[in-house]
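**Q** following is a predicted model, sequence given first.
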Amino acid sequence: MIPYGRQDINQADIDEVLAVLHSDFLTQGPKVPEFEAAVSHYVNCQFALATNSATSALHIACLALGVSCEDRVWTSVNSFVASSNCALYCGAQIDFIDIDPRTGNLSLVALETMLINAQKTNTLPKVVIPVHFAGQSCDMPTIHELSKRFGFAIIEDASHAIGGEYHQGKIGNCQYSDITVFSFHPVKIITTAEGGMAMTNKPELAEKMALFRSHGITKNPDLMSSTTLPPWYYEQQVLGYNYRMTELQACLGLSQLTRIDEYIQQRNSKAQCYNDALKNLPLKVLEVIYGKSAYHLYVIQLNDATRHLTVFNALRAAQIGVNLHYIPITKQPYYQQLDMTFTAHPHADDYYARAISIPLFPTMSDKDQQDVIQALTDILL
């Protein structure tokens, strides 16, 4: 079966991991800060905090911004549950923004309407988490302007989007946000097996996230309560977590990062091949409006929603490993049982009734891509 996504591990990656296995450090050593520095340089952002997952990075981002049980956090309804779970971990209330059907990203119209209504009832969010769905940035300057107007912080969930661009800058530079989060899950643009990273240009947020990432503990004398301390001393200052990335993960990420631009080019080339080949089929594809997409996913939407399940099953039967990204988060049983009232999201509901993610990854052969195209053509025409 042709999977919808697949990691690319080459001999250079394996050699780097083996070198770490033979080194003195497996957990916390030189490779983690080296990887952080490399990603910071790549996206042109001042601080990077590597974590064991993007979910962990989202959590410490919320904590660093002071999200608590007294607060509200909003995010896109078209995302993986981690985008909203991070707020619930902090005890906050969550609500969801409908999508722009052209891009799959959150709708600016829906966001502004929600903000105007929330201002009237004194229920504005403390944080908004735009999700760069499928690898394309949201319209961050407009969201940033809304943040100044309505007083909320911004965490960019760029789990799909490292390597993508916006306004000639790399996604993750935090020009329009407080924090950006990347994922290095195996099917993402580059992988550390599991792993994530939080980016910020604000030293106070970097300092807080570093504490929350590692048990709330610091060894920095400048941050401690006393200046006359023995050399073995460390100090727990907050209730933190063990969210650290290992040396093994970081060295794999460093090796993968050397090929990221090649990966992005390959993903965009294959996406363009799909765009050309599928334009006469009874479906539409997501538009790339804002910058250059990293194309983590390639999503089609069927014109005829009544054929959704039939087409999905037919593609699976043809050994095409399609998937669906995403079930609207509010449809999950856990969220339905919460004592919260969520905003309606008709565009996301319609998207869910039509969307199918078809295979796209850098090492996908031309033959496999043509097989996907032919299968879609045979099923839909």
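**A** Sure, I can see it.
**Q** the chain - how does it break down into domains?
**A** Using automatic domain parsing, the domain ranges for the chain come out as 2-257, 260-380.
**Q** reformat those domains as JSON lines; add mean neighbour count and mean pLDDT.
**A** The way it works is simple: take the backbone N, C-alpha and C, and place the C-beta from them, glycine included. Formatted as JSON lines, the entries for the domains of the chain read as follows, by neighbours: other CB atoms under 10 Å; pLDDT from 0 to 100:
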{"stretch": "domain 2-257", "mean neighbour count": "20", "mean pLDDT": "96"}
{"stretch": "domain 260-380", "mean neighbour count": "17", "mean pLDDT": "98"}
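**Q** Leu376 reaches Leu315, doesn't it?
**A** Yes - under the criterion of CB atoms under 8 Å, Leu376 makes contact with Leu315 at 7.2 Å.
**Q** most centrally placed residue in the chain?
**A** Taking CA atoms, centre = their mean, the centroid of the chain lies closest to Ser159, which sits 1.7 Å from it.
**Q** how about the strands of the stretch 1-150 of the chain, start to end?
**A** Secondary structure of the stretch 1-150 of the chain (DSSP state E, counting those that start in this stretch): strands at 2-3, 47-51, 72-76, 93-97, 127-129.
**Q** got a markdown table for these, with distance to Ala193 too?
**A** What follows is the strands of the stretch 1-150 of the chain, written out as a markdown table (distance: least, CB to CB, whole Å):
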| stretch | distance to Ala193 |
| --- | --- |
| strand 2-3 | 17 |
| strand 47-51 | 13 |
| strand 72-76 | 26 |
| strand 93-97 | 29 |
| strand 127-129 | 25 |
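**Q** need the helices for the stretch 201-350 of the chain, in chain order.
**A** 203-213, 247-257, 260-278, 308-317, 333-336, 346-352 (DSSP state H, counting those that start in this stretch).
**Q** could I get those helices as a markdown table with distance to Leu146?
**A** As requested, those are arranged in a markdown table below (distance: least, CB to CB, whole Å):
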| stretch | distance to Leu146 |
| --- | --- |
| helix 203-213 | 20 |
| helix 247-257 | 33 |
| helix 260-278 | 29 |
| helix 308-317 | 34 |
| helix 333-336 | 25 |
| helix 346-352 | 19 |
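**Q** quick one: closest of those to Asp100.
**A** helix 346-352 (7.2 Å; CB to CB).
**Q** run through the neighbouring helices and strands of the following helix or strand past that closest one.
**A** Downstream of helix 346-352, the next assigned helix or strand under DSSP states H and E is strand 355-358. Using 3 or more CB pairs under 8 Å, 6 or more residues apart in numbering; DSSP states H and E as the contact criterion, the neighbours of strand 355-358 among helices and strands are strand 298-302, helix 308-317.
**Q** contact partners for Ala355?
**A** Val299, Ile300, Gln301, Leu324, His325 (CB atoms under 8 Å, 6 or more residues apart in numbering).
**Q** kindly recompute the last result at 6 Å.
**A** For Ala355, the contact set (CB atoms under 6 Å, 6 or more residues apart in numbering) comprises Val299, Gln301, Leu324.
**Q** quick one on the thing from earlier: out of the helices of the stretch 201-350 of the chain, which gets nearest to Ser293?
**A** Closest approach to Ser293 among the helices of the stretch 201-350 of the chain is made by helix 260-278 (7.1 Å; CB to CB).
**Q** outside of that closest one, which residues touch it?
**A** By CB under 6 Å, 6+ apart, the list of residues contacting helix 260-278 from outside reads Gly163, Ile189, Ile190, Ala294, Tyr295, Tyr298, Leu360, Pro362, Ile373.
**Q** all set, thanks.
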